[in-house]
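K.L.:
Show me the folded form of this:
(2 chains)
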There are 2 protein chains.
Amino acid sequence: MPELRKDPIIGRWVIISTDRGKRPHEFVVTQPVLKKGFCPFCPGNEKSTPPEILAYRTKLSKPNTPDWKVRVVSNKFPALKIEGDLERAGDGVYDRMNGIGAHEVIIESPDHNATLSTLSTAQFEEVLWAYRDRIIDLKKDSRLRYILIFKNHGEAAGASLEHSHSQLIALPIIPKRVAEEIDGSLEYFNYKERCVICDIIRQELMQEVRLVTENEDFVAVTPYAPKAPFEVWILPKVHESNFENVQKHHFETLSRLFSEVLKRMDKVLNYPPYNFILHTTPLKDGGMQHYHWHFEIMPKLAKTAGFEWGSGFYINPTPPEDAASFLREAKV
Amino acid sequence: MPELRKDPIIGRWVIISTDRGKRPHEFVVTQPVLKKGFCPFCPGNEKSTPPEILAYRTKLSKPNTPDWKVRVVSNKFPALKIEGDLERAGDGVYDRMNGIGAHEVIIESPDHNATLSTLSTAQFEEVLWAYRDRIIDLKKDSRLRYILIFKNHGEAAGASLEHSHSQLIALPIIPKRVAEEIDGSLEYFNYKERCVICDIIRQELMQEVRLVTENEDFVAVTPYAPKAPFEVWILPKVHESNFENVQKHHFETLSRLFSEVLKRMDKVLNYPPYNFILHTTPLKDGGMQHYHWHFEIMPKLAKTAGFEWGSGFYINPTPPEDAASFLREAKV
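P.N.:
Numbers count the residues shown, from 1 in each chain, chains lettered A, B, ... in the order given. The predicted structure follows:
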């Protein structure tokens, strides 16, 4: 059973995935590489994955057979287990609980060679609907407190299979970075009676220097103090704290804007590896006036300076105003 | 002039090093590689670095000539500038200041082929004295609030020159991760009237499952909730918040233990790339009952899953008890 353990100093929880149990020689060999050849995510190979949890199918086809648009399955090597109790326990100064949760894979297209940026916006929309439907379903599990939806695109960004997919990790704790955002947003709200991201959007639309693109419902900007070069945030213009509550017609405008941003990144940065992550409200919280869901996209360009892990301090060689200008002016 | 900018949501400061000003095509080309050939850090090449700030010399040799044991120079491409005023300013919802600070390189040995783990413990001790002397000197600058001392060893860990060196970044702000540690430690202290790291040391010495090695003054353990596989912390047994206040005779026992830990890592993980970072008290704070200086060492083994940047959430495939056992049993 994997374990969740809490750092006794700063309070961050980590998963210790004992089942994977990596031994030293497994690190000593060359870094894992993108698996090529047989693809378990391709149509016809449905039996090579755990049974599907959700699929959008084009015809009245049966589960775990071809003819699907988007397919969600459990991760074959999950970081967390869905069965069992949390069994919270202390050990002297330390705290732990069982690694209960879900680890799922969202297969974004039947086409092995597609990437999110080459999908039609209609297909992109299906992917976003799958995110939403999984959140709605997992919310029913009272042991869970947060759902992380993220994507590792390209080997350098941590992808281990080529076929385009996102991942979902449902957790019995709230990840530190999200908790910090919620706390920081609440502090701002208590002081100003306004949502900080609503204020950011107003300022970015006025100044335009960090604006990448916008449409009727969403805006894409480079953040004022980015961790990494060419980081982009996608923000809904209307205040909403919970991604799963997005209006139906906003899925279309979101997929259109998201796709455009990825195309601009591909153009300017020559198809970079990237990660993105959805930041939304914890499961047990209702709507929040002070929190505003959004996507954060980070192309994987610079080598991670490991000291940044130890300091929480980042050096960014590209001003976000320059990055926004390059992305804005790209012909796509 | 580089800029320090504050994230308006979570309050993290980042350096935007405008002078480096990377353009897209600089990212598109292959990742920077370790420079080979001419070495500016080798004896005889002293003129290829900025003038030395500090050097421990074996004879009555002149500055910026050979015959030194450890040499400290400004980084040739500094992330921060030492001249100027902070000029704190707001821009709507955002806050910035000038990127004032120091960025120095500690050349750890005249021997181009040495690494920290192959240095004699006497030479290792000189490196630690250089860290201490630079902190003492930079403390005089009232604009500065924190000194980060860290090392990137090996290309995968971010080193761009082969010749063994550490780095120092002096900042007018306190890095987020350090502030979190200080806040967390204070909270613990307020509750228990004890230092959390003192409690950790007591428990680790009793349980021994995460103990890597110890001597009369220091202990090396794998942390209970590590961010990364084979992460190791080196902790002084006697409570002390400020690294620069370490007792003279502790420099010897620290260098002995630190060297042993690196040798154990080399043995078990086959000479891994690694990062380490010194966590000590901010410059303007005197001694703290609740904070305890230490080194954190992280071998660079796993590929960085970029989503961890966006979530503050880590999945570690190796239980720290297993890592400690491998390191403890290595023959060195």
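
K.L.:
Now do the nearest residue to A:L54 once chain neighbours are set aside, the pLDDT please.
P.N.:
Spatial nearest neighbour of A:L54, chain neighbours left out: A:V72 (4.2 Å); criterion: Cβ to Cβ, 6 or more residues apart in numbering or on different chains. All C-beta atoms are positioned from the backbone trio N, CA, C, and that covers glycine. Here, the pLDDT recorded for A:V72 equals 98.

K.L.:
Please enumerate the helices of chain A.
P.N.:
Assignment of helices within chain A using DSSP state H yields the ranges A:24-28, A:121-138, A:176-192, A:196-207, A:248-269, A:307-311, A:320-329.

K.L.:
now the ones you listed in CSV, with mean neighbour count and mean pLDDT?
P.N.:
Formatted as CSV, the helices of chain A follow (neighbours: other Cβ atoms under 10 Å in any protein chain shown; pLDDT from 0 to 100):
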stretch, mean neighbour count, mean pLDDT
helix A:24-28, 16, 63
helix A:121-138, 19, 97
helix A:176-192, 17, 95
helix A:196-207, 19, 98
helix A:248-269, 20, 97
helix A:307-311, 23, 75
helix A:320-329, 20, 96
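
K.L.:
Adding distance to B:E87, write the ones you listed out as a markdown table.
P.N.:
Below are the helices of chain A laid out as a markdown table (distance: least, Cβ to Cβ, whole Å):
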| stretch | distance to B:E87 |
| --- | --- |
| helix A:24-28 | 46 |
| helix A:121-138 | 43 |
| helix A:176-192 | 24 |
| helix A:196-207 | 20 |
| helix A:248-269 | 32 |
| helix A:307-311 | 24 |
| helix A:320-329 | 18 |
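
K.L.:
looking at those helices, which is closest to B:F251?
P.N.:
With Cβ to Cβ as the measure, helix A:307-311 is the member of the helices of chain A nearest B:F251 (21.8 Å).

K.L.:
Roughly how far does the spatially closest residue to A:R194 that is not a sequence neighbour sit from B:F41?
P.N.:
Distances taken as Cβ to Cβ, 6+ apart put A:Y188 closest to A:R194, at 7.5 Å, once the chain neighbours are dropped. To B:F41, A:Y188 is 46 Å away according to Cβ to Cβ, to the nearest Å.

K.L.:
Tell me which residues touch A:A130, please.
P.N.:
Counting by Cβ atoms under 8 Å, 6 or more residues apart in numbering or on different chains, A:A130 makes contact with A:L54, A:Y56, A:V70, A:V72, A:I106.

K.L.:
so what's the nearest residue to it once chain neighbours are set aside bridging to?
P.N.:
Leaving aside its chain neighbours, A:A130 sits nearest to A:V70 (4.8 Å; criterion: Cβ to Cβ, 6+ apart). For A:V70, the beta-bridge partners are A:Y56 (DSSP bridges).

K.L.:
rewinding a little: how far away is the residue nearest to A:R194 from A:C198?
P.N.:
10 Å.

K.L.:
Then A:K267?
P.N.:
According to Cβ to Cβ, A:K267 and A:C198 sit 30 Å apart.

K.L.:
re the thing from before, so the residue nearest to A:R194 sits against A:H290, correct?
P.N.:
Yes. Applying Cβ atoms under 8 Å, one finds A:Y188 in contact with A:H290, separated by 7.1 Å.

K.L.:
can you list the residues of the stretch 51-200 of chain A near chain B?
P.N.:
By the rule Cβ under 8 Å from any Cβ of the partner chain, the part of the stretch 51-200 of chain A lying against chain B is A:79, A:92-94, A:148, A:150-152, A:156-158, A:167, A:169, A:171, A:175-178, A:180-181, A:184-185, A:188, A:196-197, A:199-200.

K.L.:
tell me the contacts of A:Q207?
P.N.:
The contact partners of A:Q207, by Cβ under 8 Å, 6+ apart, come to B:G92.

K.L.:
low-scoring stretches of chain A, by residue?
P.N.:
Low-confidence segments of chain A (pLDDT under 70): A:19-23, A:25-35, A:303-306.

K.L.:
mind giving me the domain ranges of it?
P.N.:
Domain assignment for chain A by automatic domain parsing gives A:3-174, A:177-329.

K.L.:
can you redo these as CSV with distance to B:V232?
P.N.:
Formatted as CSV, those follow (distance: least, Cβ to Cβ, whole Å):
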stretch, distance to B:V232
domain A:3-174, 14
domain A:177-329, 12
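
K.L.:
out of the ones you listed, deepest packed?
P.N.:
Of all the domains of chain A, domain A:177-329 carries the top mean neighbour count, a mean of 20, counting by mean count of other Cβ atoms under 10 Å in any protein chain shown.

K.L.:
For it, measure first residue to last.
P.N.:
One end of domain A:177-329 sits 32 Å from the other (Cα to Cα, to the nearest Å).

K.L.:
Please report how far A:A122 lies from chain B.
P.N.:
26 Å (Cβ to the nearest Cβ, to the nearest Å).

K.L.:
looking at it, A:I136 is touching A:F243, isn't it?
P.N.:
No. A:I136 is not in contact with A:F243 according to Cβ under 8 Å; the separation is 10.3 Å.

K.L.:
between the two, what contacts are shared?
P.N.:
Common neighbours of A:I136 and A:F243, using Cβ under 8 Å, 6+ apart, do not exist here.

K.L.:
From the centre of chain A, point out the most distant residue.
P.N.:
Distance from the centre of chain A peaks at A:G92, with 34.6 Å (Cα atoms, centre = their mean).

K.L.:
who are the neighbours in contact with that one?
P.N.:
Going by Cβ under 8 Å, 6+ apart, A:G92 touches B:D199, B:Q203, B:Q207.

K.L.:
Could you rerun that using 6 Å?
P.N.:
Contact criterion Cβ atoms under 6 Å, 6 or more residues apart in numbering or on different chains gives B:Q203 as the residues in contact with A:G92.

K.L.:
repeat for A:P24
P.N.:
Contacts of A:P24 by Cβ under 6 Å, 6+ apart are B:V268, B:L269, B:F326.

K.L.:
Can you tell me how far the first one is from B:A89?
P.N.:
The span separating B:V268 from B:A89 equals 50 Å under the rule Cβ to Cβ.

K.L.:
Ok, the last one next?
P.N.:
Plainly put, B:F326 is 51 Å away from B:A89 if you go by Cβ to Cβ.

K.L.:
now swap in A:E3 and tell me
P.N.:
The gap separating A:E3 from B:A89 is 46 Å, by Cβ to Cβ.

K.L.:
likewise A:E104?
P.N.:
46 Å.

K.L.:
Could you do A:V73 as well?
P.N.:
51 Å.

K.L.:
and if you look at A:T18?
P.N.:
On the measure of Cβ to Cβ, A:T18 and B:A89 end up 50 Å apart.

K.L.:
And A:K62, its phi and psi?
P.N.:
phi -80, psi 160 (degrees, to the nearest 10).

K.L.:
what sits against it?
P.N.:
Taking Cβ under 6 Å, 6+ apart, one finds nothing in contact with A:K62.
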